[in-house]
Structures are given as C-alpha cells and as structure tokens.
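Trainee: Model the structure of this input:
(chains A and B)
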Protein chains: 2
Amino acid sequence: MNVEVVFSEQPLHLQQLTISGCGAIARFDGIVRGLEDGKEITGLCYEAYAPMAEKVIRDILAELSVEHPCERVRVFHRIGFVSVGETAIIMDVHSSHRGEAFALLQKFMDRLKRDVPIWKRGSR
Amino acid sequence: MNVEVVFSEQPLHLQQLTISGCGAIARFDGIVRGLEDGKEITGLCYEAYAPMAEKVIRDILAELSVEHPCERVRVFHRIGFVSVGETAIIMDVHSSHRGEAFALLQKFMDRLKRDVPIWKRGSR
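Mentor: The predicted structure follows:
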C-alpha cells in the first residue's frame, strides 16, 4: 500500500488522483468548528513532533491494511494555528471497492486521535 | 437536511463547500473499473428515469437522516456512457461530526444499488 503523509503550516490541498483498477475513493475532511469543549474559539493550534507522528501514522496504516487492503492512502495534516472554518486534516483512501476504503479510513481516524502524537489547543 | 441531486451526461465536478458549524465532510467517488462481473469492459452505460430516481434518492436520504442527522448531502450521478477510469458517482455529506456523515453515506450507498432505478450495463 502506497502511503503519503504530509504535515503543513499552509492550507491543505489534495490533487485529484486516478489509480488504475481502483473503483473507490473514500475521503474525509476535518474542519475546525467554532466550539471546542463547549467554549467558543477562533481556531485551534496543532503541534506535533512530525517525524514521530509520521512513523506512528505509517505503523497504524500498515496494521489496518492487513485486514482492509487498499492501494493508496494520503494523510495531510495542518500544523500551527488553524482558524475556524479551515481544514485541519484531509485523508483519502483509494481501493478496488468502497468497503475496505471506508473501513480503513474510519478505523484510522479513531486511532489518530488516540495514538498519534499531535496535540491541539483552542485559542479564544 | 439540505439535499442536492444531479444527473449529468458530462464529467462530474463537486465545488468545494464550507458550511458553518460542520466539522466533517465525508465523501465517496465511485469510478468505473476495467472489469465488470469478471469481464473486461471499456466502460459502463448508465440509464435512469431521472425524476423517479431523484425522488427515491431523496426518500432514502430523508429516512436515513432521522437516525444520522446531517446538514447537507450532494449526490451527483453520471448518466449515459462512462469510460473506464471516469467517475460515475460522487457523494458528499457535511455534518457536525464524522460519525453521522460516514454512517449516512455508507448506508445510502448500500440502498442506492438496491432501491434506486438506475441501471448499468458493460460495453466491450
């Protein structure tokens, strides 16, 4: 499985990608909302130790791909201050059929919050 | 829930959309593969009785939104001949959190194939 991980302080853009034999692309965009833990915020500040975060992301994806084999995964994550309404993460998964793409994507997102060393805090 | 349904004989494009308060966008792109029922094809031909197909799509989404409330859903479907590698359907769902967006999207896709009067046949 081809994996691309990008951390960026700039707005995220995912180039459209066509992979021969893939019939499904599952995608998630996570956007900063105006409320965090019930409090109004102007944005979130994300911090990460990027080399470690990338390694953990790749390990989780390798583990999940055993059960849910997919062709290609891209994880793009903003670092630094992200205003309300801006995208903090984009992830997409290319696979033959949609079942495995959605399974891998959703399980990865659950693990991301729990296991990957990326921290966020709200700014008023 | 705001619903947009489009049938088009032209390549599909979804304009990026930001909705206040929505932290999640789940998206699916379904692409025509080179094999259909184990046979090599050059593309698929989709036929629909559009007014009826749109009504059924809206009914299914209204039903699913009771359990999985979301803000906005777009379903764009190609009609006519779609070559291998081209996108036959794009669907995206905007919601507060990703759980309900993915649940609604996946359940809708299961129902689409079963209940919506859109027919396809492979072309050699």
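Trainee: what does the helix or strand bottoming out on mean pLDDT in chain A rub up against?
Mentor: Using mean pLDDT, DSSP states H and E, strand A:35-36 stands out as the lowest-scoring helix or strand of chain A, at a mean of 82. If you take C-beta atoms under 8 Å, 6 or more residues apart in numbering or on different chains as the criterion, strand A:35-36 is touched by A:Ile41, A:Leu44, A:Gly122. Just so you know, the C-beta spots here come from the backbone N, C-alpha and C atoms, and that holds for glycine as well.
Trainee: nearest to B:Ala50, of these?
Mentor: B:Ala50 lies nearest to A:Leu44 out of those, by C-beta to C-beta, at 42.5 Å.
Trainee: got the residues of chain A near chain B?
Mentor: A:18, A:20-34, A:85, A:96, A:98, A:102, A:105-106, A:109 (C-beta under 8 Å from any C-beta of the partner chain).
Trainee: Report the beta-bridge partners for A:Ile31.
Mentor: Beta-bridge partners of A:Ile31, counted by DSSP bridges, are A:Thr87.
Trainee: how about it, what does it touch?
Mentor: A:Gly85, A:Glu86, A:Thr87, A:Ala88, B:Thr18, B:Cys22, B:Gly23, B:Ala24, B:Ile25.
Trainee: among the residues you listed, who's most crowded?
Mentor: Neighbour tally across the contacts of A:Ile31 (other C-beta atoms under 10 Å in any protein chain shown): the maximum, 24 neighbours, falls on B:Ile25.
Trainee: my read: it touches B:Leu105, true?
Mentor: No: contact between B:Ile25 and B:Leu105 fails when scored by C-beta atoms under 8 Å: they sit 10.0 Å apart.
Trainee: Quick check: neighbours shared by the two?
Mentor: B:Asp92, B:Val93.
Trainee: got TSV for the contacts of strand A:35-36, with pLDDT too?
Mentor: Converted to TSV, the contacts of strand A:35-36 look like this (pLDDT from 0 to 100):
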residue	pLDDT
A:Ile41	93
A:Leu44	95
A:Gly122	80
